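[1] Fold the following for me, if possible:
(chains A and B, ligands or ions: 2)
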Amino acid sequence: MDWNVIARNLGFMAGGLVLTFQLAALAIGGGLLLGILLGLCRVSSVSWIYYPSTAYVHFFRSQPLILVIFWFYFLVPILVGRPLGAFPSTVVAFICFEAAYFAEIVRGGLQSVSRGQTMAAYACGLRYSQVQLHVVIPQALRNMVPALTTQAVVIFQDTSLAYVIGLREFLRRVNLVDTREVRSVELYCFAGLVYLVLCSMGSILARRLEQRRGAAPA
Amino acid sequence: MIQIRQVSLWYRDGRKVVDNVSAEIRRGQTVVICGPSGSGKSSLLRCINGLERFQEGEILVDGISVSSPSTDLHALRAEIGMVFQHFELYPHMTVLDNITLAPRKVRKKTRQEAETKAMELLNRVGIPDKAAVYPGELSGGQQQRVAIARSLAMEPKAMLFDEPTSALDPEMIKEVLDVMVDLARSGMTMVVVSHEMGFAREVADEVIFMDAGRFIEKKATASFFASAENPRTREFLSRILT
Ligand SMILES: Nc1ncnc2c1ncn2[C@@H]1O[C@H](COP(=O)(O)OP(=O)(O)O)[C@@H](O)[C@H]1O
Ligand SMILES: [Mg+2]
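    Ligands and ions are numbered 1, 2, ... in the order given. Presented below is the predicted three-dimensional model:
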C-alpha cells in the first residue's frame, strides 16, 4: 500500500473534480429548466404539445445514458458542421437526457397542485403563464424537492460516464493516475470515499431543504 | 349585469349538468342559488366567468358574451370575483401577497399601491393584523375572509360565491356571512351558491332552487319562502330549515 500516491496526485485529481462539478451543475440546471418546460407540455391537453413532449421523454428514458453521450459526441459535430469538443457535447447530452427524467418529476409535481388552486388563479384574471409561474410551479417545486434532490445526486455520480469520450472529469483522472502509478486499490478507494462524502453532503443539504419546507406552513 | 340565456352544459358522458337555465342578475342584486349536491350549481357558476365552456345558450356579463371567441376572457375574469368552498388561498404566499398578486400582475399596480389597498380590505374584513401570516396559520373563517378580500382587491363588478361557508365550523360561519351581508348591502352584484337561508332572507333579491341541472323554483325572496310551489323545493327547504 502506498497512500502517498493520492497526495502526490491530489492537484491533478482535484482539477477533475472541478470539471465534475461544472458538468453536474450545468446538467442539473439545464436539465431542470428543460424538464420544467417538458413537464408543462406533458400535462397539456393540447395534443400537438402533449404528444411530441411525451415522445421525447419516452425516447430518452429508453436509452442508456452512455449511448446518449456517444451519440451527441459524434452527432452534434455533424449537425453543427465542426467539432465541438468533449465538454460541450457532454453538457448537451446530459441536459437532453436528464430533462426527460426531470420532466416526469415535474409532471408529478404539477399534478400534485389541485385544480382548485389553478381555478382560483384564473378566476382573478391571471394568464396561463402567470398562473404557472406564481401559483402552480412554486407549489409543485416544493412538493418535488425530495425527488429532485435524489435526481441531482444521481446526476452527480453519472457525470463519471463522460470518461467514455475522454472527458477528464474526476474519475477519469483517477483512472489516468492509476495507469501511470498502478495503485488501483488506493486510488479507487479514494475515489469511492470522495463520492461518498460529496453525495452524503448532498443528502444532508437535501434534508435541510425538506425540513425548511416542512416548517413553512403547507 | 349578468344575463344567462338558455344555457346548457354537459361533460364527456353527455348528461346535461346544466339544463337550459335562464336568469338575469341586475346591477347591485344578490341572487342565492340552492339545491342538492351534484345539481350543477358549481358548474353554472364556472360558466359565468368562463372557467367552464358550455355548449348551448349565451351568458352576457356587462353586455359582453362569455362564449364569444372574440372575448378576452382574462379581462372579463378580472372584473368578476370568485370565492370558493375551500378558500383556495395560495399556501406558499403570505396573506398580503395572496391579495396583491392579481392587482399587481393583472392591473399592473405597483406593490405599494396594491399593499395599501390590501390593508384597507383586510381592515374591512376584520383581520388587519394577519397580513404577514401564511394561510395555513389562519382559521377557516379567517381564510375565507382573506379570500373575499383577495377578490375585492380586483375591484370587481360582480362576485360569485360557491358555498363559501360549507367547509366552515359552525362558529365561523357568521363572521363570513357578516362580511357578505355588508358586501351585498354596499351594492355589490352577487351570485351566491349557499344553503344559508338566513342569509338569503336577509339580503337576496331572488332565490333559485336548482335540481338536476334545472331551475326548479326561481322567485323573489319573499315569495320563495312564503309560497314555493314545487314539492321538491318544499321538501328541500323543510330539510335544510329544520
Ligand atoms: N369537470 C368535470 N368533469 C366531469 N363531470 C363533472 C365535472 N365537474 C362536475 N361534474 C359533474 O357534474 C355534476 C354537477 O356537479 P357540480 O356542478 O359540482 O354540482 P354542485 O355544485 O351542485 O354540487 C356532478 O354530477 C359532477 O359529478
Ligand atoms: Mg358545488
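[2] Quick check: the gap between residue B:233 and residue B:8.
    As judged by CB to CB, to the nearest Å, residue B:233 and residue B:8 stand 21 Å apart. In this view, the C-beta of every residue, glycine as well, is placed from N, C-alpha and C.
[3] Could I get the CA-only coordinates of stretch B:206-223 as CSV?
    Provided in CSV are the C-alpha atoms of stretch B:206-223 (Å, rounded to 0.1, in the frame of the first residue of the first chain):
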residue,chain,number,x,y,z
GLU,B,206,-84.1,36.4,-5.7
VAL,B,207,-83.7,32.8,-4.7
ILE,B,208,-83.3,29.9,-7.1
PHE,B,209,-83.7,26.2,-6.3
MET,B,210,-81.7,24.1,-8.7
ASP,B,211,-82.0,20.3,-9.1
ALA,B,212,-80.6,18.0,-11.8
GLY,B,213,-79.3,21.0,-13.8
ARG,B,214,-82.6,22.9,-13.9
PHE,B,215,-84.0,25.9,-12.1
ILE,B,216,-87.0,24.2,-10.4
GLU,B,217,-88.0,27.3,-8.5
LYS,B,218,-87.0,30.9,-9.1
LYS,B,219,-88.7,33.6,-7.2
ALA,B,220,-88.3,36.9,-5.5
THR,B,221,-87.0,36.1,-2.0
ALA,B,222,-90.2,36.8,0.0
SER,B,223,-92.4,34.7,-2.2
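[4] How about the residues of chain B by chain A?
    B:46, B:49, B:51, B:74-82, B:84, B:86, B:88-92, B:101-102, B:105-106, B:134-137, B:147, B:150-151, B:154 (CB under 8 Å from any CB of the partner chain).
[5] Comparing residue B:233 and residue B:8, which shows the higher neighbour count?
    With neighbours defined as other CB atoms under 10 Å in any protein chain shown, residue B:233 and residue B:8 compare such that residue B:233 has more, 22 against 16.
[6] which ones are touching that one?
    The contact partners of residue B:233, taken as CB atoms under 8 Å, 6 or more residues apart in numbering or on different chains, are B:209, B:216-217.
[7] any idea which helix is longest in chain A?
    The helix that spans the most residues within chain A, counting by DSSP state H, is helix A:4-42.
[8] re earlier: what's the PyMOL syntax to select whichever of the residues of chain B next to chain A are buried?
    Provided next is the PyMOL selection string for whichever of these are buried by 16 or more other CB atoms under 10 Å in any protein chain shown:
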select buried, chain B and resi 46+49+51+74+76+77+78+79+80+81+82+84+86+88+89+90+91+92+101+102+105+106+134+135+147+150+151+154
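[9] Show only the entries of the residues of chain B next to chain A found in strands.
    B:80-82 (DSSP state E).
[10] Adding distance to residue B:31, write the residues you listed out as a markdown table.
    As requested, those are arranged in a markdown table below (distance: CB to CB, whole Å):
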| residue | distance to residue B:31 |
| --- | --- |
| B:80 | 14 |
| B:81 | 15 |
| B:82 | 15 |
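[11] how about low-confidence regions in the chain?
    Reading this off chain A. Within chain A, the ranges that satisfy pLDDT under 70 run A:213-218.
[12] ah, I was thinking of chain B
    Using pLDDT under 70, chain B drops low at B:242.
[13] Go ahead and name everything in contact with the helix ranked longest in it.
    Ordering each helix of chain B by length in residues (DSSP H) puts helix B:170-185 first. Helix B:170-185 is contacted from outside by B:30, B:124-126, B:139-141, B:144-145, B:148, B:152, B:159, B:161, B:164-165, B:168, B:190, B:192, B:196, B:198-199, B:202-204, using CB under 8 Å, 6+ apart.
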